[in-house]
Each structure stands twice: as structure tokens, then as C-alpha cells.
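# starting from these lines, generate the structure:
(one chain, ligands or ions: 2)
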Amino acid sequence: MRSLSDIQNLNGVRVLVRAALNVPVAGGKVVNTFRLRGALPTINYLREKGAKVILMSHISHKETPSLAPMWEAMKEFIPNVQFVADIVGDEARNAVAALAPGDVLILENLRQDAREEGNDEEFARELASLGEIFVQDTFDVCHREHASIVGIPKFLPSYAGLLVEKEVAELSRALAPVAPSLAVVGGAKFSTKEPVLKKLLTAYDRVFVGGALANDFLKLAGNPVGVSLVSGEHEEDIKELLKNDRLVIPVDAIVAPKGGSRAEGRVAELGDVKDDEAILDIGPKTVEMLAEIAQNSKSVLWNGPLGNYENGFTDGTEGVARAIAGSGAHSVVGGGDTIAAIEHLGIGEQFSFISTGGGAMLDFLAEGTLPGIEALNS
Ligand code: ADP
Ligand code: MG
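Ligands and ions are numbered 1, 2, ... in the order given. Sure, this is the predicted structure:
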């Protein structure tokens, strides 16, 4: 993987940067600039060397169709940053042609053009023609085969930006943890977590499964799970994993009637989940058990909420977040809900590395690389 320091000359060069400007927007305004700030090191490196920087990003249409709010927010960090409400049309080409060394231009939301997610080759060629060099600086979409991820590198000399370089270094390191080590995987849907679980079981001394994912394991281990969310997938594989000594499953739970609030919930021992109750979080004994393992570990990895976080079942996720933060272990964490919990507690600085990837982090851990990373090597 080539990095920015491998680029010989940047002075006056048009550099097309795939960035992560997909930050939360409410009422037409950016509400959290964490990711925008993460894009700055690469942008500033390029500007200082006299490059003409062209920034591309996606934002999901559910949040906002346009990157205009991100442009407004970016002005705080780059006062003369420019924006064009176009992607590959004449307006975009004219704005690019008018750039001077050190200038920064943001193009419109890539997903306004369906060819981005369709990985259309012609769209990738049109995007590539705006620049002379391509820099990949978003990690969280590198598991997707989109035009700006795997298409553009076919047409331009391509490099990893500082953010992607750091993600790859940190997550590669997390695949070779210092013992004793603990991996914690939460969330839902066994089929999407199976590859990473299998990989982590080869690398980590203890692998804990929590969240809705754990319900499958608890059920197949012979425990009543009432009306809990259970994927019911790959039962034979789960039974096989249950035989692995490294696998750790919850020892208690917080249960509530389906759709019930945290206030209606109660702590239950594993055998004591009633037919009309759902397991919605790990229980306090499980949090204590994990805290103790983390305390005795040198490396800890964590992705995914351990309970139905957004509906108020936050005790397990927050308890484990605090325990890992205070463990003194080298800690690597990621995933949208996981980061939200850490930010809510204001303990972000206590983790060694916070990955910007959710699905991308899991896929990287499972495969050791991603399509968007491989594309930079060809
Ligand atoms: P997604 O890809 O949809 O984000 P994840 O695998 O990250 O899925 O799973 C996160 C989801 O799992 C969250 O919506 C969280 O509330 C839910 N979840 C976690 N534990 C439970 C549980 N015990 N019961 C129901 N939902 C749960
Ligand atoms: Mg998720």
C-alpha cells in the first residue's frame, strides 16, 4: 500500500481525495464535527505541499441529500474552502480548473449519482479525470465496491491517506494481540459476524459474544430465551463454536417484555427467562466477569453494542466501555453504536485506538484487508 510520503511532487497537482465527510446533520446543520476533524491531517499535508485538493464524500440520503452543511462546518477549519453543487458535470470541471495550489474544493454528495453505489466504470472514469492522483482517506466504506472506492484506482496512481494508513496499521496490529487478550463482539445477525468470530477465535485468548448475537448461543447452549431476538441461522456452526474453550457467553441478562422499556426490565439468571420475556442486555454479573478478564488482559478489542442500546438498554454496553477504558490494556474499539456509547460517557481518550469503521472494521479483521485497500495495490 503506497502512502502520502511516497508521492514525489505535489506542487500544483490536482489530488482527488475520497474523504469521510458523512457526519450527522440535524436541521440542516452538522451536529458533530469529529469525522471532519479526522479528515484534516491528510488535507493539510496536501495543501502544505501545494496540491489542489478535490474532496469527494458520500452522505446517506436519510440524513441529507447534500454536502452543503459539511462545507459550512468545514469553514471553521479551512476558512476559504470551496464547494460546488455538482459531481462530474461542467460546473464541477470549471471549479476544478479554477483551483490554485493550496485550494480545497468539496464536490457534491457522490450518492446523488446512482452510479456511485452501482460501481459504474464510466462514472469512476469521469471522477478520475478531475484529478491527477487519487488518495483514499475514508476507511468506513472500504468494504464496499463503490465507484469511488474500487473504481477510481483503476484510472489514477492511488495512495492511502493518513487516516486509512493508521486504520490499517492499528487493525493489523489488533490481529496479532499481545497475550493475554480479550475480544468482545456484540450486535446482531450471526451470519454477518461468523467470519470475524472464527478469525478472532484463532487470535484471541478469550472471545466474548454479547448483544442479540449472544441469544443464538444462549439458546443453543440449552437456555430459555423467551421472545428474544434470535437469528436462527447456522445452528450447526454455532454449536461447533460453543465447544471452543476460548468462547465466552453471558452468565446473566437484563430481560423485559418485548418492546418494554428499561424501567420494565429486570435482571435474570440464565435459566430464569420467562416465555414472554426478551433478553435485551447482558446482566451485571456478566459485566463484572468481563471487567475482570479485561483487567487481566494486555490487549482488548471490541465492536458492537452488548444490548438493545438505542432503546435504553445501555447498562451492559456502558459498563463494558468503562471496564475496558479502565483496564490499562491496549484497547481497540469500533462500530457506530460502540462509539456513540463511548462518546456519551466522555471516555474516548482512554482507548488506544477508535476505528472509524463498523462493518469495515469487522471485515478487515475477518479478511486482513478490504476491497478498497486492495484496489490501492494494483
Ligand atoms: P447493524 O448492522 O444493524 O448496526 P449490529 O450488528 O451492529 O447491526 O447490531 C446492532 C443492533 O443490535 C442494535 O440495533 C442493537 O440495539 C441491537 N441489539 C443488541 N443486543 C440486542 C438484544 N439483546 N436484543 C435486541 N436487539 C439487540
Ligand atoms: Mg451496527
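# for stretch 103-115, buried residues please.
Asp103, Val104, Leu105, Ile106, Leu107, Glu108, Asn109, Leu110, Arg111, Gln112, Asp113, Arg115 (16 or more other C-beta atoms under 10 Å). The way it works is simple: take the backbone N, C-alpha and C, and place the C-beta from them, glycine included.
# the first one and Ile78, how far apart?
According to C-beta to C-beta, to the nearest Å, Asp103 and Ile78 sit 10 Å apart.
# quick one: the helices in this structure?
34-48, 68-74, 90-97, 121-128, 162-174, 190-203, 211-220, 235-242, 284-295, 315-325, 336-345, 359-367, 371-377 (DSSP state H).
# do you know how far Leu127 is from Ile373?
The separation that Leu127 has from Ile373, given C-beta to C-beta, amounts to 19 Å.
# who has more neighbours, these two?
Leu127 (28 against 23; other C-beta atoms under 10 Å).
# retrieve the pLDDT associated with the nearest residue to Asp315 once chain neighbours are set aside.
Among residues not flanking Asp315 along the chain, Asp281 sits closest, at 5.8 Å (C-beta to C-beta, 6 or more residues apart in numbering). With respect to pLDDT, Asp281 has a value of 98.
# ok, Asp281 - contacts?
By C-beta atoms under 8 Å, 6 or more residues apart in numbering, the contact set of Asp281 is Ala253, Ile254, Gly265, Leu306, Gly307, Asn308, Phe313, Thr314, Asp315, Gly316, Thr317.
# out of those residues, the closest to ligand 1 would be?
Distance to ligand 1 across the contacts of Asp281 (C-beta to the nearest ligand atom) is lowest for Asn308, with 3.9 Å.
# quick revisit: okay if I get the buried residues of stretch 103-115 as a markdown table plus pLDDT and distance to Ser327?
A markdown table is the format used below for those (pLDDT from 0 to 100; distance: C-beta to C-beta, whole Å):
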| residue | pLDDT | distance to Ser327 |
| --- | --- | --- |
| Asp103 | 98 | 45 |
| Val104 | 98 | 40 |
| Leu105 | 98 | 44 |
| Ile106 | 98 | 40 |
| Leu107 | 98 | 43 |
| Glu108 | 98 | 44 |
| Asn109 | 98 | 40 |
| Leu110 | 98 | 39 |
| Arg111 | 98 | 39 |
| Gln112 | 97 | 44 |
| Asp113 | 97 | 45 |
| Arg115 | 98 | 46 |
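# restricted to strands, list those residues.
Val104, Leu105, Ile106 (DSSP state E).
# grab the nearest non-local neighbour of the closest residue to ligand 1 within the chain.
Closest to ligand 1 within the chain is Gly187: 2.6 Å, counting by C-beta to the nearest ligand atom. Distance criterion C-beta to C-beta, 6+ apart; nearest residue to Gly187, sequence neighbours excluded, is Gly304 at 3.3 Å.
# so the one you found sits against Asp337, correct?
Yes. Using C-beta atoms under 8 Å, Gly304 makes contact with Asp337 at a distance of 7.1 Å.
# give the residues shared as contacts by the two.
In contact with both Gly304 and Asp337: Gly187, using C-beta under 8 Å, 6+ apart.
# so if I had to pick from those two, which one is more boxed in?
Per other C-beta under 10 Å, whichever of Gly304 and Asp337 has more neighbours is Gly304, with 27 against 20.
# next one: stretch 110-126 to chain centre, how far?
22 Å (C-alpha atoms, centre = their mean, to the nearest Å).
# right, I mislabeled it, should have said stretch 296-303
Remark: stretch 296-303 is offset 18 Å from the chain centroid, using C-alpha atoms, centre = their mean.
# and the closest residue to Val15 other than its chain neighbours, how many residues sit next to it?
Nearest non-adjacent residue to Val15, counting by C-beta to C-beta, 6+ apart: Ala51, 4.5 Å away. As a burial measure, Ala51 scores 28 neighbours (other C-beta under 10 Å).
# quick revisit: using CSV, please lay out the helices of the chain together with distance to ligand 1 and mean pLDDT.
Listed next are the helices of the chain as CSV, based on distance: least, C-beta to the nearest ligand atom, whole Å; pLDDT from 0 to 100:
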stretch, distance to ligand 1, mean pLDDT
helix 34-48, 17, 95
helix 68-74, 23, 98
helix 90-97, 33, 98
helix 121-128, 27, 98
helix 162-174, 17, 97
helix 190-203, 6, 96
helix 211-220, 4, 97
helix 235-242, 16, 97
helix 284-295, 12, 98
helix 315-325, 8, 97
helix 336-345, 6, 90
helix 359-367, 7, 97
helix 371-377, 18, 96
